[in-house]
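Trainee: attaching a predicted model along with its sequence, questions to come.
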Amino acid sequence: MTQLDERPVAATDPATDPTSDPAQTWLDSLQAAFAARDVGAATAHFATTCFWRDLVAFSWNITTVEDRPGVVELLSATLDRVDPTDLRLSEPSSSEDGVRTAWFEFATAVGRGRGLVRLVVDDATGREVAWTFLTTLFELSGREEPRGTRRPMGAEHGANRERVTWAERRAAEEAALGTETQPYVLVIGGGQGGIALGARLRQLGVPSLVIDKHARPGDQWRNRYKSLCLHDPVWYDHLPYLKFPDNWPVFAPKDKVGDWLEFYTRVMEVPYWSSTVATSASFDEAAGEWRVEIEREGRPLVLRPTHLVLATGMSGKPNVPVIPGQDVFAGEQHHSSQHPGPDAYAGKRVVVIGSNNSAFDICGALWETGADVTMVQRSSTHIVKSDSLMEIGLGDLYSERALAAGMSTEKADLVFASLPYRIMHEFQIPLYERMRERDADFYARLEAAGFDLDWGDDGSGLFMKYLRRGSGYYIDVGAAELVADGEVKLARGQVDHLTEDAVVLADGTTLPADLVVYATGYGSMNGWAADLISQEVADRVGKVWGLGSDTTKDPGPWEGEQRNMWKPTQQPNLWFHGGNLHQSRHYSLYLALQLTARHAGMATPVFGLQEVHHLR
């Protein structure tokens, strides 16, 4: 990367004269190159080492290109079609540590976008060039959301003998859905991801339906162990359109989250069928539609959507190990996703296999009930204390102090999105070094208890582990203290077999047990496609999640983006949507825009369609 030298202060004030802002000068020059369709001139606006992340605006994809050859490839494929115009600052740029940061807006042939560019000085020319460049589509021309000045009237004033009330229209719509009318998009999975996407599609006028096996929206949370709560803070977790109230707890308990999801589904008028299970699906290539067999409250029905979205959660398909002796074990055994809570196990001997989020939560709740709890750690785990993560890791973007500094949720999402995955770990490492120093005594006690700690393959901590593999960490809200103090017993090693009343490790250690909880994580989301559609389709799509970082459980080659998430896959008309509440909120917009464009009949040529390197 070029040397990050500070530029001299401009002679005029960009706050009062936007045309004098060096970032606007850069945008104007880039606009001229775009208008001339001069790919070479446009590419010269980028540093030799650079990263352009595009969320739908240019690529009809979620993709990142790197360095000038990547910029040439993207522009050569898209510039004529996209016709980017009207690049202008949305606020004055700022400069710090040799990097000028600028927010901008732009138009394309089909919509409007927002972006964020970081400019640095090129040593050879002395000109500012783009180091990171984010472009996002937020609106389609002619398919704008009915917000602000476009909001619906709601009431129909005047006298009308043929009046149809809002309630009557909603009832007729619900009665016709699935029989007289077919959803253009069927979303399988009615948790936070499916609900957020359903709300987006509703506002964009795309006929859609969200289905879920549970009896009520939010039951995905209500039916989990009673100590479950959000480990991410409230500022990070808002849903689209309707933020949590400003007196909402920082870490919402599971039942409160469930109630909010049910309330949100109702007030946002998300077409939602509960107690509905998809049993099989197949794609008719000639017709360009899916045939999905479902059972709604036990009654069979066939739906024929054009697009199918699996919103079953990136941590949705339980990974249940096969261990010799499971058939002879006389006690109870279940996966953490099926754990009912601790109440029935007071005084019981419980072995929890695993040492990540769910394992710690379950161990802590069982200890509170009076169970004799042993955690089996099979591999190293990264642990970060919740208050340290909030203050150091998230505080600048998602906190009360961030809001006070003008960092809205939407702006924070774009700042986060603007950091290319290739170099994100470089920004994360110093944050986790600070956390390690701050909580050094805590980590020393854990290691003294025999716990195997790690900080990620490169010291980049929790969030990179989440992005790369979706596992291997715990946000400590108290249970790690029980391990450090010996209140929850710790055993390390691989499980060899079960006996009638014990778990036996490979080194011969015997752990008596009345209950075994497999806190062993989840498999790739394409496993849902294998179950519902076919193994052939699952393999055509390939592994879901991960970056190809060539770190533990994230095999290369480098992908540059989350595999197969929120974007087109190798299986036509099949999409995956999930992640935490932040990702469900942010990326539901880009998935909804891709689906809306197709519903509107727009041409959507995809640049950089996901290749398949791993099947699961």
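Mentor: Cool, the structure landed.
Trainee: what residues sit buried inside stretch 502-516?
Mentor: Neighbour-count burial for stretch 502-516, counted by 16 or more other CB atoms under 10 Å, picks out 502-505, 509, 511, 513-516. In short, each C-beta sits where N, CA and C put it, glycine included.
Trainee: would you mind measuring the gap between the ends of it?
Mentor: End-to-end span of stretch 502-516 (CA to CA, to the nearest Å): 9 Å.
Trainee: can you give me the neighbour number for the residue nearest to residue 140 when sequence neighbours are not counted?
Mentor: Take residue 140 and drop its neighbours on the chain: the residue closest to it by CB to CB, 6 or more residues apart in numbering is residue 111, 4.4 Å away. Residue 111 has 22 neighbours, counted by other CB atoms under 10 Å.
Trainee: please renumber the chain so that the first residue is 496 from this point on.
Mentor: Sure, I'll start counting at 496 from here, so that last one is residue 606.
Trainee: residue 864: which of the buried residues of stretch 997-1011 is nearest?
Mentor: residue 1010 (11.7 Å; CB to CB).
Trainee: quick one: pLDDT of that closest one?
Mentor: With respect to pLDDT, residue 1010 scores 98.
Trainee: quick one, what contacts it?
Mentor: 826-828, 840, 843-846 (CB atoms under 8 Å, 6 or more residues apart in numbering).
Trainee: and residue 583, what are its bridge partners?
Mentor: residue 600 (DSSP bridges).
Trainee: tell me who's in contact with it.
Mentor: By CB under 8 Å, 6+ apart, the neighbours of residue 583 are 513, 519, 522, 599-601.
Trainee: now those: which count as buried?
Mentor: Neighbour counting over the contacts of residue 583 (16+ other CB under 10 Å) leaves 513, 519, 522, 599, 601 as the buried ones.
Trainee: what is the least confident helix or strand in the chain?
Mentor: strand 812-813 (a mean of 82; mean pLDDT, DSSP states H and E).
Trainee: each with direction, which strands does it pair with?
Mentor: strand 1017-1018 (antiparallel).
Trainee: before we move on, the earlier item: let me know the closest of the buried ones among the contacts of residue 583 to residue 893.
Mentor: residue 599 (23.0 Å).
Trainee: now do the contacts for the closest residue to residue 1022 other than its chain neighbours.
Mentor: Distances taken as CB to CB, 6+ apart place residue 812 nearest to residue 1022, at 4.5 Å, with adjacent residues excluded. Counting by CB under 8 Å, 6+ apart, residue 812 touches 1017-1020, 1022-1023.
Trainee: on that earlier part again, can I get the contacts of residue 1010 in a markdown table with pLDDT, secondary structure and distance to residue 869?
Mentor: Shown next, in a markdown table, are those (pLDDT from 0 to 100; DSSP: H, G, I helix; E, B strand; the rest coil; distance: CB to CB, whole Å):
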| residue | pLDDT | secondary structure | distance to residue 869 |
| --- | --- | --- | --- |
| 826 | 97 | coil | 13 |
| 827 | 97 | strand | 15 |
| 828 | 96 | strand | 14 |
| 840 | 96 | helix | 13 |
| 843 | 97 | coil | 12 |
| 844 | 98 | strand | 8 |
| 845 | 98 | strand | 7 |
| 846 | 98 | strand | 5 |
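Trainee: what remains of those if I keep only buried residues?
Mentor: Buried, going by 16+ other CB under 10 Å: 826, 828, 840, 843-846, out of the contacts of residue 1010.
Trainee: buried stuff in stretch 675-691?
Mentor: Of all the residues in stretch 675-691, those buried under the rule 16+ other CB under 10 Å are 677-691.
Trainee: show me the shaky parts of this structure.
Mentor: 496-513, 810-811 (pLDDT under 70).
Trainee: biggest strand in it, by residue count?
Mentor: Determined from DSSP state E, the single longest strand within the chain is strand 623-635.
Trainee: dump it to PDB, restricted to CA.
Mentor: Written as PDB, here are the backbone C-alpha positions of strand 623-635 (Å, rounded to 0.1, in the frame of the first residue of the first chain):
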ATOM      1  CA  GLU A 623      -5.200  10.900  -4.100                       C
ATOM      2  CA  VAL A 624      -6.300   7.400  -5.200                       C
ATOM      3  CA  ALA A 625      -8.800   4.900  -3.800                       C
ATOM      4  CA  TRP A 626      -7.500   2.300  -1.300                       C
ATOM      5  CA  THR A 627     -11.000   1.000  -0.400                       C
ATOM      6  CA  PHE A 628     -14.100   1.600  -2.400                       C
ATOM      7  CA  LEU A 629     -17.600   0.500  -1.400                       C
ATOM      8  CA  THR A 630     -20.600   0.800  -3.700                       C
ATOM      9  CA  THR A 631     -24.100  -0.300  -2.600                       C
ATOM     10  CA  LEU A 632     -27.500  -0.200  -4.300                       C
ATOM     11  CA  PHE A 633     -30.200   0.900  -1.900                       C
ATOM     12  CA  GLU A 634     -33.100   1.700  -4.200                       C
ATOM     13  CA  LEU A 635     -34.500   0.600  -7.600                       C
END
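Trainee: just checking: what are the partner strands of that strand?
Mentor: Here, using DSSP bridges, strand 623-635 pairs with strand 541-550 (parallel), strand 606-616 (antiparallel).
Trainee: starting at the chain centroid, how far to it?
Mentor: Relative to its chain's centre, strand 623-635 lies at 20 Å (CA atoms, centre = their mean, to the nearest Å).
Trainee: then stretch 603-622?
Mentor: Counting by CA atoms, centre = their mean, stretch 603-622 comes out at 26 Å from the chain centroid.
Trainee: residues of that stretch that come out buried?
Mentor: So stretch 603-622, judged by 16+ other CB under 10 Å, has buried residues 603, 605-617.
Trainee: out of the contacts of residue 812, who's nearest residue 905?
Mentor: Using CB to CB, these come closest to residue 905 at residue 1020, 26.6 Å.
Trainee: how about the closest one: what's its closest non-neighbour residue?
Mentor: That would be residue 1039: by CB to CB, 6+ apart, it lies 3.9 Å from residue 1020.
Trainee: these two touch, right, the one you found and residue 1061?
Mentor: No - Residue 1039 lies out of contact with residue 1061 (CB atoms under 8 Å); the separation is 10.7 Å.
Trainee: tell me who's in contact with residue 870.
Mentor: 847, 849-850, 854-855, 858, 978, 983-986.
Trainee: ok, residue 530 next?
Mentor: Applying CB under 8 Å, 6+ apart, the residues contacting residue 530 are residue 580.
Trainee: look up how far residue 860 lies from it.
Mentor: As for residue 530, its distance to residue 860 is 62 Å (criterion: CB to CB, to the nearest Å).
Trainee: for residue 606, same thing?
Mentor: Look at residue 606 and residue 860: by CB to CB, they are 48 Å apart.
Trainee: check residue 549 too.
Mentor: Residue 549 is 44 Å from residue 860, where distance means CB to CB.
Trainee: looking at these two, which is more packed in?
Mentor: Legend: neighbour count by other CB under 10 Å for residue 549 and residue 860, higher for residue 549 (26 against 21).
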